Structure formats: C-alpha cells, structure tokens
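Undergrad: Please work out how this folds:
(2 chains)
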Amino acid sequence: MLKDITLGQFFPGTSPVHRLDPRTKLVLLVVYIVTLFTANNWLSYGIVFAFLAFAIAISTIPLKSILNGMKPLVFVLIFTGILNIFFTVGNGEPLVSVWVIKIYKEGIILALFMMLRIMMLITGTFLLTYTTSPIALTDGLESLLSPLKKLHVPVHELAMMMCIALRFIPTLIEETDKIMSAQKARGADFESGSLMDRVKALVPILVPLFISAFRRADELATAMECRCYQGGEGRTKMKLLRYKLGDFKAYSVGVLLLAAVITLRYFGL
Amino acid sequence: MAPILEVKNLEHIYSAGTPFEHVALKDVSFCVERGEFIGIIGHTGSGKSTLMQHLNGLLKPTGGNVLLDGKDIWSDKAFTRQSRFRVGLVFQYPEYQLFEETVYKDIAFGPKNMKLKAEEIDRRVREAAGFVGITEAQLESSPFDLSGGQKRRVAIAGVIAMEPEVLILDEPTAGLDPEGREEILANIDGYRKAKNATIMMVSHSMADVARMTERLLVMNDATLAMDGTPEEVFSHADELVAMGLDIPDVTAVFLRLRQMGLDVPNVYTTHQAVDALSRLKRGERHA
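TA: Residues are numbered from 1 along each chain as shown, chains lettered A, B, ... in the order given. Next up, the predicted model:
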C-alpha cells in the first residue's frame, strides 16, 4: 500500500526531455512557473499549455502516470475553485444570487484560471522529477547555486544532504512497511478506534522508525568518514554537466515563451 | 483432529494488473500438524517471506485458502485478527521493532492487544521472558540498553507471550554469534516442548535446519519444490544445488566419501556423522 505512492518518482528514459541538462530543466521550470503566473488571458494560457503539452509529448511519460500524481490534489483544486467562485465580486449583475451567495461571471473565469494554473504548475514539476534522476537534479541544483559559495553558503553540503534525503525515501518507506507488518503480527490495530487511539497506535511504528533512521544516518556518516569524504572543495565529478545543442534549443523556446506571455500581458494584442 | 494449518492452492500476485506484476506464490499446498518442527528453505526471492505472511493473515491470498484449525482465516474479520494471535510471526531482525520504555512493557504489547486480564498478562510476560532467558532485573531495563542478541530474545519473547499455537520465525539466528545462535534455537525448542506448539523456521543455515527440524519445505521460484524429512530432502543434493541452495557441510563430505568408495550412509547432522565414522572405525557395515 505504501509502495504505491508515486511522489517525484523517476521514470528512466532516453527522450529529448530526459537528455536535457538538469540545469536547463531547472531553469526552464522556473521560467515556466513565472510565465504561468504572468499569464492572464486565454491566449497566454493556451501558449503555456501548448508548451507543456509539447514537453509531455516528447518526454514519452505516459499521460496516465501524470494524471495519477494529480489525485491527491483534487481536494485543493476543488477548494480553490469554490473559494474563487463564491468570493469574487464582479462589476456586472451576478449570474446567480441566492441569499448571501452571489456568483459573478468574473468569479467563474478566475476559478477556472486558478485551477488551470495549479494543475499546470504541478504537471510541470512532475515532468521535471519524472524525467530527471534525483542525483542529476541535485547535481544541477548545486551547479546553479554555486555562485552562492562566494557568500559562504555551504552549497555542496546542502546538495549532498538533499541527495541523501531523496535516496532514503524508498528505504524508509520499505522499513515502515516492515515495522507495520511486525506490529500487526503482535495484534496492533491501525484501522479502528477513535482518533486518539489511532494516534497512539502510531507510537509502535514511529519509535522503531526513528531509531532505525538515526542508526542508518550514523552508519552512513561512518562509512563516508572511512572513505575520507570531504565536502566540495577540490572534488571532481564522475559526470560533468555540459550543455549540448538540445539545451540551447530548449533555452530559446523558454525565452520565446516568456517574451510571448509578457508581451500579451502588458501590451495586449 | 484437523491439521492446525492447511494451505490449499495458495497463490499470491503482487501489483496484479500493473507493469510491476510479480507472482510470488503459485499453487502452494501443504498441511501442518500440531507439534511439528518444520524448516523452510529456499533462496532469496523464492517466496518464503510471502508464504509466511499468509499463514497469520497479514497478506490476503489472491488465490487459494489458508485454513487455521479447519476454518478459513479470511472467513470473518474477527477470525483474521484471532489468527494473528494463534499464529505468531517473528520477522527477520525482530529487534528493530522494539519500542517500549522497558523490556516488560514491550513483551506485554502482544498480550495487551489480546485484551487479557492484568494478572494473565503478567504471568505470560514472565513466562515468555523465562523461555528466552531474560532475567527479572532485565525486565525493568530499557530494551535499547541490551546487547543485540538479548534484544532479539526480547523480541521473540514478545511473540511467545501471545502463546501462539504455531510459531513462525524468519531467520531467527541471522547475524548472531554461534553461542547466541545455539541459545535461541534451544529457546525455540523449549517453547515447543512446553506448549506442544508447532514451529516453522525459515533459515539459510542448512546445518541448523538439519539438526533441529523433522520436516523441510523447500521453496523455489514461487512454488513448493520439495516437502519431506531432512533425510529425504538432503538426498537430492544436486537438485538443491541447482536451486541455489546448499546441503549441510557434513552431508557434502559424506557424499564425497561415498564417491571415493567408502561404505558410509547418508548423514545430515554432525551427530550422525560421528556415529557413522565410529562404526566404520570399528569395522561394522551400515545397515
């Protein structure tokens, strides 16, 4: 059951999107998010959507997995939609007016925009994590943030921490599954009882889980120490990040996208 | 009397209908009688762990049935829960599930979940601690202050305290020193004799299963490949090796001796080997 969670799961592949430099993908994601929040009319949304659809199409990620990842967000989406529909006050006559509830045309449009924006935001982020391995991602992040080293920000250490954290998510999920089974075998009951009972029932899982997480951290630290691991200074990489032709193409598309949406917003058509 | 456990055409498929579909068990059937000591062997991924988790209702079969005392353990919810207490399951490295402040409380976790009376819980905790050699003083200490071998024994006591009719252990001796191994195996056998309980033990140590058990189940590729006494099973040395398994060292030595022309019987424990050799020395022939 816990195994079914697909949170930022990586789908290995060789599509053009997979082959992009992680730095390109990170920068493009930022550009994409900026355009998404700049877009304020149907045409600019259409352009951003076309960009996203194109990226998904060439990424060979099955649409179904992307939609599946959206499931936990249904509640947030509906909530946003409802808030926007009911609490936006428009200029003209309300379309519906029952008691204190007034629904304006603007409210419906805004709700649609907001929901679209959230869905596209999440899809874009999923596309990044689906097509980029966690290692490549942290490598890219480290490289992008390296100017901050001048300000004595421990960039390499942060990247390393992120990488380790990502690496241990599946391990800890597996561990949780095992501990749960073991406690169930001793008659622990996680499914019935009051809220308080259920919270209490978590203690036999959380205590062993924390202990094992600390133990693993300790062992990993010792193992790294044994191999004389030292932070970023003077450390070479097995996989050097290099921009290729595809990256420049992707950057160009990104710049065009941003320019188009900004033009549409501030200068109209 | 019906066998205590009956497994009928058991089948389990993980993630059925997805690209990650994986058949873990295929058409497995066997019966377990009261008081038996059964060893389960098979290489990693052969379905042993999946099989074990079916026997106390942790996993629901995707096909076939598991009957406890003649009744399907999935027939109603209360019985499934009851089967968790009647069939005790000790996982691999069970010391990692300890969580309470004191050893006593940790052992009491299972009996408490059974909603027993306080005096009964107390009796069971002390008895279980006795079976695994945990002293009165240790009962009040924190489980995290104990050594690895002692932690393991506390965890096993936590399952024994439920007084299961069938006790299933997944590699109870993994990672222990020879002395700790001997102690735990003796503890398990002690529990069996005291309560006439059935023991099923998964192990990678062929010497251990040969010595302790009276029946072996061999799992291979999600199916039950062999079911017989250690003597029968270990006489199929070639097949076992083909499955990625091993035979006890002493059995291998004796097979080799026989190939070299010595008149020795098949043996599978050191004890039998000593007997056979001393008989050979005296010049007797084996029957």
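
Undergrad: Quick one: name the residues of the stretch 1-150 of chain B near chain A.
TA: With Cβ under 8 Å from any Cβ of the partner chain as the criterion, the stretch 1-150 of chain B comes near chain A at residues B:53, B:56, B:58, B:81, B:84-85, B:88-91, B:94, B:96-99, B:109-110, B:113-114, B:144. For the C-beta atoms, the positions are set from N, CA and C on the backbone; glycine is no exception.

Undergrad: those helices in the stretch 1-150 of chain B, which residues are they?
TA: All helices of the stretch 1-150 of chain B, identified by DSSP state H, counting those that start in this stretch, fall at B:48-55, B:77-86, B:103-113, B:118-131, B:136-139, B:148-160.

Undergrad: Would you mark the buried spots in stretch A:182-196?
TA: Using 16 or more other Cβ atoms under 10 Å in any protein chain shown as the burial criterion, the residues of stretch A:182-196 that qualify are A:Ala182, A:Gln183, A:Lys184, A:Ala185, A:Arg186, A:Gly187, A:Ala188.

Undergrad: OK, contacts around residue 50?
TA: No chain specified, so I'll use chain A. Applying Cβ atoms under 8 Å, 6 or more residues apart in numbering or on different chains to A:Ala50 gives no contacts.

Undergrad: not what I meant, chain B
TA: Going by Cβ under 8 Å, 6+ apart, B:Thr50 touches B:His12, B:Ala24, B:Leu25, B:Leu59.

Undergrad: who touches B:Glu120 in this structure?
TA: B:Glu120 neighbours (Cβ under 8 Å, 6+ apart): B:Pro111.

Undergrad: Looking at chain B, which residue is nearest chain A?
TA: Residue nearest to chain A within chain B: B:Asn113 (3.2 Å; Cβ to the nearest Cβ).

Undergrad: Can you tell me, leaving aside adjacent residues, what's nearest to that residue?
TA: In space, and not counting its chain neighbours, B:Asn113 is closest to A:Gly187: 3.2 Å by Cβ to Cβ, 6 or more residues apart in numbering or on different chains.

Undergrad: shouldn't the one you found be in contact with B:Lys115?
TA: No: applying Cβ atoms under 8 Å, one finds A:Gly187 not in contact with B:Lys115, separated by 9.1 Å.

Undergrad: Spell out, range by range, the helices that occur in chain A.
TA: Using DSSP state H, the helices of chain A run over A:16-19, A:22-38, A:42-59, A:63-70, A:74-87, A:105-131, A:134-145, A:155-185, A:195-201, A:203-226, A:245-267.

Undergrad: got CSV for these, with distance to B:Leu262 and mean pLDDT too?
TA: Formatted as CSV, those follow (distance: least, Cβ to Cβ, whole Å; pLDDT from 0 to 100):
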stretch, distance to B:Leu262, mean pLDDT
helix A:16-19, 64, 84
helix A:22-38, 67, 90
helix A:42-59, 68, 88
helix A:63-70, 64, 80
helix A:74-87, 75, 86
helix A:105-131, 65, 87
helix A:134-145, 58, 86
helix A:155-185, 48, 87
helix A:195-201, 62, 84
helix A:203-226, 49, 92
helix A:245-267, 72, 87
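
Undergrad: May I see these organised as TSV, with distance to B:Tyr104 added?
TA: Formatted as TSV, these follow (distance: least, Cβ to Cβ, whole Å):
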stretch	distance to B:Tyr104
helix A:16-19	55
helix A:22-38	53
helix A:42-59	57
helix A:63-70	46
helix A:74-87	44
helix A:105-131	47
helix A:134-145	43
helix A:155-185	18
helix A:195-201	19
helix A:203-226	15
helix A:245-267	63
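
Undergrad: From the structure, what's the count of residues near the nearest residue to B:Ala16 once chain neighbours are set aside?
TA: Excluding the flanking residues, the one nearest B:Ala16 by Cβ to Cβ, 6+ apart is B:Thr62, at 6.3 Å. Using other Cβ atoms under 10 Å in any protein chain shown, B:Thr62 has 14 other residues around it.

Undergrad: do the same with A:Gln230
TA: Using other Cβ under 10 Å, the number of residues around A:Gln230 comes to 11.

Undergrad: Please report how far it lies from chain B.
TA: As judged by Cβ to the nearest Cβ, to the nearest Å, A:Gln230 and chain B stand 32 Å apart.

Undergrad: Repeat that for A:Val199.
TA: Distance, A:Val199 to chain B, by Cβ to the nearest Cβ: 15 Å.

Undergrad: what residues are up against that residue?
TA: The contact partners of A:Val199, by Cβ under 8 Å, 6+ apart, come to none.

Undergrad: and if we set it to 10 Å?
TA: The contact partners of A:Val199, by Cβ atoms under 10 Å, 6 or more residues apart in numbering or on different chains, come to A:Gly193.

Undergrad: so how far is B:Met201 from it?
TA: Remark: distance between A:Val199 and B:Met201 (Cβ to Cβ, to the nearest Å) = 36 Å.

Undergrad: What of B:Thr229?
TA: Computed as Cβ to Cβ, the B:Thr229 to B:Met201 distance reads 15 Å.

Undergrad: list the contacts for the residue of the stretch 51-200 of chain A found nearest chain B?
TA: Of all residues in the stretch 51-200 of chain A, A:Gly187 sits closest to chain B, at 3.2 Å by Cβ to the nearest Cβ. Taking Cβ under 10 Å, 6+ apart, we find A:Gly187 in contact with B:81-82, B:84-85, B:88, B:109-115, B:162.

Undergrad: again with B:Val132
TA: B:107, B:150, B:152-158, B:160, B:183-184, B:186-188, B:190-191.

Undergrad: quick one: low-confidence parts of chain B?
TA: B:1, B:18, B:284-287 (pLDDT under 70).

Undergrad: Pull out the buried residues from the host helix or strand of B:Ala273.
TA: If you go by DSSP states H and E, B:Ala273 is part of helix B:270-281. Residues of helix B:270-281 classed as buried by neighbour count (16+ other Cβ under 10 Å): B:Gln272, B:Ala273, B:Ala276, B:Leu280.

Undergrad: B:His12 is in contact with B:Leu55, correct?
TA: No: counting by Cβ atoms under 10 Å, B:Leu55 sits too far from B:His12 to count as a contact (12.0 Å).

Undergrad: Done for today, thanks.
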